[in-house]
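A.B. asks: Okay, predicted coordinates and the sequence, questions at the end:
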Amino acid sequence: MPKSRKRKNRKSQKSNGVRPHKTSPLGQDYADTKIDLYQEVSQPSYENIMNWMKHTISGRCMTYDFWARGNYTRRMIHQRNLGIEPLLVQVSYVDELRWAYRRLALLGLPVEFVYCGKLNKLGKCIHVDVSQPDMLWDSGWGYIATIWKAEAKYWAMIIGYARLMPEPLLDWLVEEACEDFIEGKVFITPSELIGIKPQAVPQGLNQLASISKGIPLTSDYEIVKAALELDIPFLDNMSSFAFKEFLNDYEGELVQFRRAFKNLVKARGKSEAELKDYLEELKYEIAELTMAAKHHGMRGSIGKLGGILATFTASFTMALNTQPTSLTRLIGAAGIGAASKALLDLFIQSTEREQKMPDNPYFILWKLGVSRPSEVSRKHNIDIGKAPKLSPKEFNVHSTHHWLCPPTAGVNFLVNEKKADE
């Protein structure tokens, strides 16, 4: 397994394709690799993958998948070690994601969108790109890579089996949430690649919350045990630029409101009476933000930017905990998938280390109210680099393709040409 590497190269353009999975596996297998949830890790280089996706003409979904095989668990462990508790939000298409992001940005907590829509069928993906300046090879489990020089440029090709997300999701991440992603404030995760089946999302989010110490948001009202409702303010009718400008200019005026919200969502193990106290504190801060004279200037700026300060109703409810045995039944003990097996292992690891079940997290329940996914069509001009001739047998990569793999570099290199002047 290679260590993280940097290579000086130039700009970026690429082509990718998928064909059916017919060959026998040969590449690196991480299906049974155990992850230490309590190890020390560094923060992922969000800027590394964002630069890669920005300079890509098409196929952002494959570069993101490559990067996440190592960096997803690095992100999770790093946030756990620092006590960062993200909001876990179920979404099914890009319009829903965009809608939810606007309504959560005022809250000041990192958001992990768990995508529960359709993924591409499993297939062999081939991705050719001009290698990026200072490219950091710190992930890529299950992939094979090769690098060569042609026409004064360094080219890279990665090959692996994958189930990729729709491109519009990554287009949104790059074009509308770039800065927040680089700062670790927003992330998109395909549920099936971390072991959560679309038909069991609320329970799966509960288990993910137990592992990551996050707070689930869902629209499934069947898990309600005790509900406490309030109206949460959000900004609407603004351009992406105006929205970001407002958050930067008025961050100081949002401090008290964000602190009150954070106190509420982190109230694990508290009684319902204590939870109500936190709720009253948040209601007071909401009233201050939306009506108090001291925030009159801020509200006026919202109007000048073409926006409005609105509210949506949310219910805070105590989640029903799922025991490890129940989770095993949920994901299917017979023929359990590699990602689900890894999720179960992480859940058991977190509970055994603490010698008790995690305190019941509080879910935030809402109805997103979006009925139609966005159909985004884009035209791409693709320049294809001529790859070196290699035997097809050298590219029989392993079929393991999920994201719950070690937080280290996992890519295997077939060719790594290095000249004396480099």
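C.D. replies: Okay, I see it. Numbers count the residues shown, from 1 in each chain.
A.B. asks: what element comes up after the helix or strand bottoming out on mean pLDDT in the chain heading to the C-terminus?
C.D. replies: For the chain, the helix or strand with the lowest mean confidence is strand 14-20, at a mean of 38 (criterion: mean pLDDT, DSSP states H and E). Per DSSP states H and E, the first helix or strand lying C-terminal to strand 14-20 is helix 46-54.
A.B. asks: in the chain, which helix has the most residues?
C.D. replies: helix 60-82 (DSSP state H).
A.B. asks: Can you list the buried residues in that helix?
C.D. replies: Buried residues in helix 60-82, counted by 16 or more other C-beta atoms under 10 Å: 60-80. In short, each C-beta sits where N, CA and C put it, glycine included.
A.B. asks: and if you look at stretch 195-202?
C.D. replies: Counting neighbours by 16+ other C-beta under 10 Å, stretch 195-202 gives 195-197, 200-202 as buried.
A.B. asks: Stretch 146-165 now?
C.D. replies: Applying 16+ other C-beta under 10 Å to stretch 146-165 flags 146-148, 154-165 as buried.
A.B. asks: Averaged pLDDT, stretch 121-140. What do you get?
C.D. replies: Across stretch 121-140, the average pLDDT comes to 85.
A.B. asks: What is the end-to-end distance of it?
C.D. replies: End-to-end distance of stretch 121-140: 19 Å, with C-alpha to C-alpha, to the nearest Å as the criterion.
A.B. asks: tell me how far that stretch is from the chain's mean position?
C.D. replies: 18 Å (C-alpha atoms, centre = their mean, to the nearest Å).
A.B. asks: So which bits of that stretch are buried?
C.D. replies: By neighbour count on 16+ other C-beta under 10 Å, the buried set for stretch 121-140 is 123-132, 135-140.
A.B. asks: mean confidence for stretch 208-223?
C.D. replies: What stretch 208-223 shows for mean pLDDT is 75.
A.B. asks: re earlier: now go through the buried residues of stretch 121-140 and say which are in strands.
C.D. replies: Filtering the buried residues of stretch 121-140 for membership in strands, criterion DSSP state E, returns 123-130.
A.B. asks: what's the longest helix of the chain packed up against?
C.D. replies: helix 46-54, strand 123-130, strand 153-162, helix 167-176, strand 186-190, helix 201-212 (3 or more C-beta pairs under 8 Å, 6 or more residues apart in numbering; DSSP states H and E).
A.B. asks: Pairing partners for the next helix or strand after it, with directions?
C.D. replies: Where DSSP H and E defines the elements, the next helix or strand beyond helix 60-82 is strand 87-91. Strand 87-91 has the following sheet partners, assigned by DSSP bridges: strand 111-115 (parallel), strand 215-218 (parallel).
A.B. asks: right, and the ones you listed - which one's nearest C178?
C.D. replies: Across the strands paired with strand 87-91, C178 has its closest neighbour in strand 111-115 (14.6 Å, C-beta to C-beta).
A.B. asks: next one: that closest one to chain centre, how far?
C.D. replies: Offset of strand 111-115 from its chain centre (C-alpha atoms, centre = their mean): 5 Å.
A.B. asks: Please work out how many residues are found near E281.
C.D. replies: 16 (other C-beta atoms under 10 Å).
A.B. asks: for this protein, which spans come out with low pLDDT?
C.D. replies: Residue ranges of the chain with pLDDT under 70: 1-28, 57-58, 133, 219-228, 268-269, 318-336, 354-363, 366-386, 390-399, 415-422.
A.B. asks: So which residues of the stretch 251-400 of the chain form helices?
C.D. replies: Along the stretch 251-400 of the chain, the stretches classed as helices by DSSP state H, counting those that start in this stretch are 255-265, 272-291, 296-304, 324-331, 338-354.
A.B. asks: CSV for the ones you listed, including distance to L37?
C.D. replies: As requested, these are exported to CSV (distance: least, C-beta to C-beta, whole Å):
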stretch, distance to L37
helix 255-265, 22
helix 272-291, 28
helix 296-304, 41
helix 324-331, 14
helix 338-354, 5
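A.B. asks: and of those helices, who's closest to N248?
C.D. replies: Closest among these, once you apply C-beta to C-beta, is helix 296-304, at 11.8 Å.
A.B. asks: Could I get the buried residue list for that closest one?
C.D. replies: Buried, per 16+ other C-beta under 10 Å, within helix 296-304: 298, 302.
A.B. asks: Could I get the CA-only coordinates of that helix as CSV?
C.D. replies: Extracted C-alpha coordinates of helix 296-304, given in CSV (Å, rounded to 0.1, in the frame of the first residue of the first chain):
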residue,chain,number,x,y,z
HIS,A,296,-33.3,45.3,13.0
GLY,A,297,-30.3,46.2,10.8
MET,A,298,-29.6,42.5,10.1
ARG,A,299,-33.2,41.9,9.0
GLY,A,300,-33.1,45.0,6.8
SER,A,301,-30.0,43.7,5.0
ILE,A,302,-31.8,40.5,4.2
GLY,A,303,-34.4,42.5,2.3
LYS,A,304,-31.8,44.6,0.5
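A.B. asks: what's the angle between it and helix 272-291?
C.D. replies: Angle, helix 296-304 to helix 272-291, by axes from the mean of the first three to the mean of the last three C-alpha atoms, to 10 degrees: 70 degrees.
A.B. asks: Show residues contacting helix 296-304.
C.D. replies: For helix 296-304, contacts defined as C-beta atoms under 8 Å, 6 or more residues apart in numbering pick out 235, 238, 246, 249-250, 253, 290, 308-309.
A.B. asks: which two of those lie the greatest distance from each other?
C.D. replies: Maximum pairwise distance in those, criterion C-beta to C-beta, is 17.9 Å, between D249 and T290.
A.B. asks: So between these two, which is more surrounded?
C.D. replies: Shown here are D249 and T290; by other C-beta under 10 Å, T290 has more neighbours (15 against 12).
A.B. asks: which residues touch the more buried one?
C.D. replies: T290 is in contact with 233, 299, 309, 311, counting by C-beta under 8 Å, 6+ apart.
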